[in-house]
Each structure stands twice: as C-alpha cells, then as structure tokens.
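Peer 1: have a look at this prediction, sequence included:
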Amino acid sequence: MIDPDVVLLSRWQFAATALYHFLFVPLTLGLGFLLAAMETAYVLGGRELHRRMVEFWSKLFLVNFALGVATGLTLEFEFGTNWSFYSSFVGDIFGAPLAIEALMAFFLESTFIGLMVFGWKRLSRMQHLVVTYLVALGANLSALWILVANAFMQDPQGAHFNPLTMRMELASLPALLFSEEAQAKFVHTSLAGYVTAAVYVMGISAWYMLRGRHLDLARRSFRVATLFGLLSCAGLITLGDALGYVGGHAQPAKLAAMEAAWTTEPAPAAFNVAAWPDQARQDNRFALRIPYVLTPLVTHSLDQPVAGARDLAAANEQRVRGGLLALSALRELAADPRDARALDAFEQHQRDLGFGLLAQRYAPGGDPARLGEADVRRAALDSVPNVFAVFWSFRLMVAIALALFAYFMLALVFTLRDQVQRRRWFLRIAPCMIPLPFLASEFGWLTAELGRQPWTVYELLPTWMSASGHRVGELAFSLAVFAALYTGFLAVDVMLQLRLVRNGPHEGDAATPLQGAH
C-alpha cells in the first residue's frame, strides 16, 4: 500500500508541472499558424510590411517555444519517476504515441525552427514559407500525439488487459489513434491555442496603437489576428460542445460533476447556471437554475436523462462487488495461470476490475476478502470526482470563452469600420484580455483531469495505486524545487517577451530583400 501522502504529493507535482507547461503550449500552437498566415500574405503580395510582421512575431514565438520545451520534457520523465506502476501497467499503450510524438513531431518542429528564424537570407520566399508551415505543423502534431495518450486515460480504447502478464496490451492502434475522445480533444485544444495567439497578438498590437508606435504593423497584425481569432473561437465553442457530448457518454460521472447534477431528473432537466456543491451531503447548498435547458444542451435531445452523481455512485456499488470477484479470480490465476475456472470467472467480471482495485485501498491488510458493505459503499462514492472543483473550473472556462467571442465580434466590427484606433477604451482593454485564454486553458485542463478522478486510466487503474513508492520528504523537496524552478522559467519568459515588445520590430529588418522564388 502506497502512502496516501506520497500519492497526493505526486499528484501535486505532476499538476504543477503540467499547469506551468500548459502556459506555453497554447501560444506555440496558435502563433505558429498565425505566422504562417502572415507569411502567406507576404509571399502572395510581396509587401515588406507582412515580412516584418512575421519576423517580429517569430521572435516572441521562439522565446515561448524554448520555454515550452524546457518545461515539457520533465513531464515525460515524471511518468517513470513518480508514476512507475502506471507506466508499467499501460506502458505498452501509452508509450506508442509518446514515441511517435518525439520521432515525428518534436524533431520536425525542432529541426525547422532554426531555418524559420535564421533562413530569411538563405531560402527563397516559397522555401521559407514551407519551413514556417512545417514548424506550425510540427507543434500541432506534437499536441496530437500527446492528446492521443491523454485520451486513452480518459476513454481507454484499443487495448485489453492480459491476466497472465498483469498489464494492459495494445490491441488496435487505429482504435487508439482515432477514438472520438482523442480527435475531439485535439481539435478543441488546437483551437484554444489559436484563440490564445490571436488575443496575444491583438493585445500587443493595441498597446502599440495606444502609444502611436509601429502603427502599420500594429493595425495589420490586429486585423489578421481578429479574423483568425473569431473563426477559431467560433470553432472552439462549437467543438467544445462536441467534446462535452463525447466525454459525457464516456465518463458520465465527469458530466454529472460538470453540471453539479446529483440526482437523475426527468428529461428535460434544469440547468445549473451557478451552484455550491457539497460532496459530503451529495447535494447543492445553493443553485441558480434554468428549467428544461440541461437535457438538450448536453444530450442533444429532449428525452435522454442525465445521470446524477448520487445515482451513479449507487449503481457502482454493484460494479465494486463484481470488481472484487475479478480481483479474487486474478489472484488465483497468479498462483496457477492454467486454472480454467478462475480464468472464466475473471473474464465474466473483467469489466469491473478497476472498481475492485478502487476498493482494495480500504481492505484490511490489503486483503479484498475482508472488505465489508461499508467499504463497498465508500469505494463507490469515491468513483464520483470532486464536484465543486470540476463544476466551477468548467463554468469559468466556458464563461471566458463566451467573453472572448464577444470581444472578437466587437474587434471585427471596429477593424472593418477602421475605427480601432479611435476606440481608445477598447485599445486599453485589449492588453488586459491577454491572460484570459491562458486561464481558460488551465481551467479546461483542470476540468478534464479532476473530472477523471479517482482514476489514472478511467475505470481501469485507480490513482491511489499508480504512484511510485517514494518517501514523503523526497517528494516534498522535489515539489518545492520544481515550483521554484518553473516560477523562474515563467519569470524569464515574461521578462524576455516584455523586452522584445518594448523594443518593438526593427524597421531595418526589411532592408535586406528576400531572394526571389527559385
């Protein structure tokens, strides 16, 4: 039995590392394709202004990319150092997309980023444009493979458990890669990155316009980013609904937590605009509700019920009992792999094995046979995530997305009417909007990961047994070091970007003409 404090500190360390890293990822995803769009305009039109735009914004992209790589590499090592049982249990599946990401996407991106930054005088227009697109593509392919791996944790597809090796094994690579969760998650995350980049470019451009600096570059960048951001935000909201629909079917407990739905109400159920969930009472202390909205919103129908968390926990008691039978049969197979009766019993209850493992943490001496009905109910209640945290992180993410859509719409009206510079109140708001998409991305990550709890791999592997057997002191020390180091990285990133923004684009950058297309 792993010390619960070790599991908690391991979760905190991984969460801190991921949250820091994810401050850099969205901007890299979006700014790459925004640079490619600007350079496409340069290649097609030949205006030096567009080239200066690419050169300036690529400097900020490079700083963000470098810090993203520095913070991201640690995450993959943490799977082995802090989550060794998880790595052993699902390494055959989880390792495949991570290896593909390193070989295909990361090296593609890393190889061509140098050519993008330093190749202006050595490449033709078309060659440099292709390089820029490859950098953007590499960044997004990296996200694809990482999200394929994460999607398996959310909705395990394409694998099966082998009772003889006691490990998960890959059964179908296409099922792993093309699961609905993986595809919806990738598109949603990529669009969030595009929105982040658009708000970032608009905010800095507005700051220049307020100060009367680099006006041509600022106005053009603002217009390009506005259109790019509006289209991305519309897609983000639309496909976010699709991700919620897919995720809600795969993880009904997460959906119940996202909506603070404790009981299964007759359809069409009411929608909780705001609520104060109480996990101990399994109810909401307060709720502001709109009748009849929840059912069509999350099920896209008028008669399909939305399962409540309390009812799901009650139903999972039977799954816990089935999981304990699967666990008992698994122990018999460990003693005699040729025991046909034990194999038949395991296959009968294999689907519930994860629930048996979830309950094992309460077994006296680690013996599941000594579990009582109270322990079964306790384990079933554990299958419901932290409703308060999931509900509010989801609400804040959605609220920010809707606010950004309104912001883009307003920006589009002003820029099409050529009124942006005259709306100084709007220019003052734009730089203040920059943190919002970063916050929305963090809240989205919290919704996805906290909503999956108590599982590392949904309904297969509980978090409590996934961690490595470190000492509490070791983890506390490393967590403090990581927090200090990553805070330093973040400070360096902000400092470098502020310096580049204050210096602005160098007017002389466009003095050397790019070679003509070969």
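Peer 2: Great, that's in hand. It should be emphasised that the depicted structure is a prediction, and the values quoted were computed from it without experimental measurement.
Peer 1: so which residues of the stretch 101-250 of the chain form strands?
Peer 2: Assigned by DSSP state E, counting those that start in this stretch, the strands in the stretch 101-250 of the chain fall at 159-162, 167-170.
Peer 1: ok, the chain next?
Peer 2: Under the criterion DSSP state E, the chain carries strands at the ranges 159-162, 167-170, 271-278, 283-290, 455-457, 461-462.
Peer 1: and the ones you listed: which comes nearest residue 385?
Peer 2: Ranking these by distance to residue 385, with CB to CB as the measure, places strand 455-457 first at 9.1 Å. For every residue, glycine as well, the C-beta is placed using N, CA and C.
Peer 1: for residue 171, see how far away residue 177 is.
Peer 2: Separation of residue 177 from residue 171 (CB to CB, to the nearest Å) stands at 13 Å.
Peer 1: likewise for residue 438?
Peer 2: From residue 438 over to residue 171 the distance is 38 Å, taken as CB to CB.
Peer 1: where in the chain is pLDDT low?
Peer 2: Across the chain, the stretches falling below the confidence threshold (pLDDT under 70) are 507-518.
Peer 1: can you pull the contacts of the closest residue to residue 324 other than its chain neighbours?
Peer 2: Counting by CB to CB, 6 or more residues apart in numbering, residue 324 lies nearest to residue 356, which is 4.6 Å off, once chain neighbours are set aside. For residue 356, the set of contacting residues under the criterion of CB atoms under 8 Å, 6 or more residues apart in numbering consists of 320, 322-327, 368.
Peer 1: recalculate using a threshold of 6 Å.
Peer 2: When contacts are counted by CB atoms under 6 Å, 6 or more residues apart in numbering, residue 356 touches 323-324, 326-327.
Peer 1: give me the distance between it and residue 369.
Peer 2: 11 Å.
Peer 1: just residue 217 next, same as before
Peer 2: Residue 217 sits 72 Å away from residue 369, taking CB to CB as the criterion.
Peer 1: more neighbours: which of these two?
Peer 2: residue 217 (20 against 11; other CB atoms under 10 Å).
Peer 1: residues contacting the more buried one?
Peer 2: Applying CB under 6 Å, 6+ apart to residue 217 gives the contacts 52-53, 505.
Peer 1: same question, residue 317
Peer 2: 376, 380.
Peer 1: OK, contacts around the spatially closest residue to residue 215 that is not a sequence neighbour?
Peer 2: Once its chain neighbours are removed from consideration, residue 215 has its nearest residue in residue 209; the separation is 6.4 Å (CB to CB, 6+ apart). With contacts defined as CB under 6 Å, 6+ apart, the neighbours of residue 209 are 218, 421, 427.
Peer 1: give me the neighbour count for residue 382.
Peer 2: A total of 22 residues lie near residue 382 under the criterion other CB under 10 Å.
Peer 1: angles on the backbone of residue 293, please.
Peer 2: Residue 293 adopts backbone torsions of phi -90, psi -30, taken as degrees, to the nearest 10.
Peer 1: quick check: chain neighbours aside, which residue is closest to the residue positioned nearest the centre of the chain?
Peer 2: Of all residues in the chain, the one closest to the mean position by CA atoms, centre = their mean is residue 445, 4.5 Å from it. For residue 445, ignoring the flanking residues on the chain, the nearest one in space by CB to CB, 6+ apart is residue 22 at 5.7 Å.
Peer 1: quick one: the one you found from residue 225, how far?
Peer 2: 21 Å.
Peer 1: ok, the two, which is more surrounded?
Peer 2: In this comparison of residue 22 against residue 225, neighbours counted by other CB under 10 Å, the higher total goes to residue 225 at 29 against 19.
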